[in-house]
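>>> With the input below, show me the fold.
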Amino acid sequence: MKNVTELPMNAKSAYKPVRKAVFPVAGMGTRFLPATKVMPKEMLPLVDRPLIQHAFEEAREAGIEEFIFVTGRSKEMLEEHFDYQPELEQALEARGKHDMLRKVRTSEMPEGKLYLTRQARALGLGHAIWCARKLVGNEPFAIMLPDDVVLSRRGCLSQMVEAYNETGGNLVAVMDVPRAETNKYGILDVEKDDGKIAVIKGLVEKPAPEEAPSTLSIIGRYILQPEIFEKLAAFEKGAGGEIQLTDAMAKLLGSQPFHGLRFEGRRYDCGSRLGFIEANIAFSMRDPEIGAQVQNIVRRFADELANSEEVPLEARR
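Next comes the predicted model:
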């Protein structure tokens, strides 16, 4: 496959700009039970904002104009979070809490920009994306998994949009993972790699370590062309008996350019308890209001742990 960076400019400009983003938020969040028994996992707070707001703000920074939520049962709180709350704003205004008022207003979705569709059955990520096909229409779109959070000076999706404007086609955010963990990710088979942009010749969903073509994995950020819906419509099941987005993407290889972007920043898996805790520590340590105090707390706990002979709680159960 020809490296798209070598294509003539008119071929690159044939691709439409990315205006829409799809957020698959129908999952039950079983790894966080009982906290997610009633509350959607996407509403779990990362410092002072829920995970879904971090994803929304990253998309907004990247120039996304329309936000599509693929929801399920008991997810009404996600919609409510981005709604206008006049009583709250009036109360904050009356009390002179203007800093808090600004924070509340940044969480409001622009009118007419939030679209909802339902995934009635949990059939996999590919099925969730297929459920958004009518709202996406015939144009490229981003996919953002709120569980994946990237801490960086510039948003991961902004970096991707900039790269997409050069490469066109399909683009995924990628990072290296330990070979022993390739069975947890979609893995790239790479044709060419300049250290930032990798030309993809193959995609494998959750391969065994000994069968993985590389250790370069896809994280929860994608820019895809609308032809992906034609492949997803086959409803073919892959790894785990689910309709895998990676499998559908693999079917487009050869007919459209595919690239992986090594983004700047660090990714945290907030779909796991340890990753969620790690992300909260990392983000709070960089918070301009509480960062210094959090760093002191972390140092204190580290010192106490180093000098402690207590048995960990798990060992006493």
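
>>> just the CA coordinates of stretch 66-84, formatted as CSV?
The C-alpha coordinates for stretch 66-84 follow below in CSV (Å, rounded to 0.1, in the frame of the first residue of the first chain):
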residue,chain,number,x,y,z
GLU,A,66,-21.6,17.4,16.9
PHE,A,67,-21.4,14.9,19.8
ILE,A,68,-23.1,11.5,19.4
PHE,A,69,-23.7,9.4,22.5
VAL,A,70,-24.5,5.7,21.9
THR,A,71,-26.3,5.0,25.2
GLY,A,72,-28.1,2.1,26.9
ARG,A,73,-30.5,1.7,29.8
SER,A,74,-30.1,3.9,32.9
LYS,A,75,-27.8,6.4,31.2
GLU,A,76,-30.0,9.5,31.5
MET,A,77,-27.5,11.1,33.9
LEU,A,78,-25.1,11.6,31.0
GLU,A,79,-27.5,13.7,29.1
GLU,A,80,-28.5,15.6,32.2
HIS,A,81,-24.9,16.5,33.1
PHE,A,82,-24.5,18.5,29.9
ASP,A,83,-27.9,20.2,30.2
TYR,A,84,-28.5,23.8,31.2
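
>>> Show me what counts as buried in that stretch.
For stretch 66-84, the neighbour count (16 or more other Cβ atoms under 10 Å) marks Glu66, Phe67, Ile68, Phe69, Val70, Thr71, Gly72, Lys75, Leu78, His81, Phe82 as buried. All C-beta atoms are positioned from the backbone trio N, CA, C, and that covers glycine.

>>> Nearest residue to the residue nearest the centre of the chain in space, ignoring adjacent ones along the chain?
The residue lying closest to the centre of the chain (Cα atoms, centre = their mean) is Leu145, at 2.9 Å. In space, and not counting its chain neighbours, Leu145 is closest to Gly220: 2.8 Å by Cβ to Cβ, 6 or more residues apart in numbering.

>>> Spit out the contact partners of the one you found.
Ile143, Met144, Leu145, Pro146, Asp147, Asp148, Ala173 (Cβ atoms under 8 Å, 6 or more residues apart in numbering).

>>> Quickly note the distance from His54 to Phe23.
In this view, His54 and Phe23 are 11 Å apart by Cβ to Cβ, to the nearest Å.

>>> what touches both of these two?
Listed as contacting both His54 and Phe23 by Cβ under 8 Å, 6+ apart are Pro146.

>>> hang on, the residue nearest to the centre of the chain packs against Pro24?
Yes. Using Cβ atoms under 8 Å, Leu145 is in contact with Pro24, at 6.4 Å.

>>> Overlap of the contact sets of these two?
Leu125.

>>> What residues sit buried inside stretch 229-247?
Buried, per 16+ other Cβ under 10 Å, within stretch 229-247: Phe229, Lys231, Leu232, Gly238, Glu242, Ile243, Gln244, Leu245, Thr246, Asp247.

>>> Quick one: mean pLDDT over that stretch.
Stretch 229-247 carries an average pLDDT of 83.

>>> contact partners of that stretch?
Stretch 229-247 has contacts (Cβ under 8 Å, 6+ apart) with 123-127, 129-130, 133, 136, 143, 186, 203-206, 218, 222, 228, 248-249, 251-252.

>>> Mind doing that once more with 7 Å?
Applying Cβ atoms under 7 Å, 6 or more residues apart in numbering, the external contacts of stretch 229-247 come out as 123-127, 129-130, 133, 186, 203, 205-206, 248, 251-252.

>>> Let me see the ranges of the strands in the protein.
20-24, 45-46, 49-50, 66-71, 114-118, 141-144, 148-151, 170-176, 186-193, 197-205, 216-224, 258-262, 266-269 (DSSP state E).

>>> Same list, those, but as CSV with mean pLDDT and distance to Ser107 please.
Putting the strands of the chain into CSV (pLDDT from 0 to 100; distance: least, Cβ to Cβ, whole Å) gives the following:
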stretch, mean pLDDT, distance to Ser107
strand 20-24, 97, 15
strand 45-46, 95, 12
strand 49-50, 94, 7
strand 66-71, 95, 13
strand 114-118, 93, 12
strand 141-144, 98, 16
strand 148-151, 96, 16
strand 170-176, 95, 24
strand 186-193, 89, 31
strand 197-205, 90, 34
strand 216-224, 94, 21
strand 258-262, 95, 28
strand 266-269, 96, 21
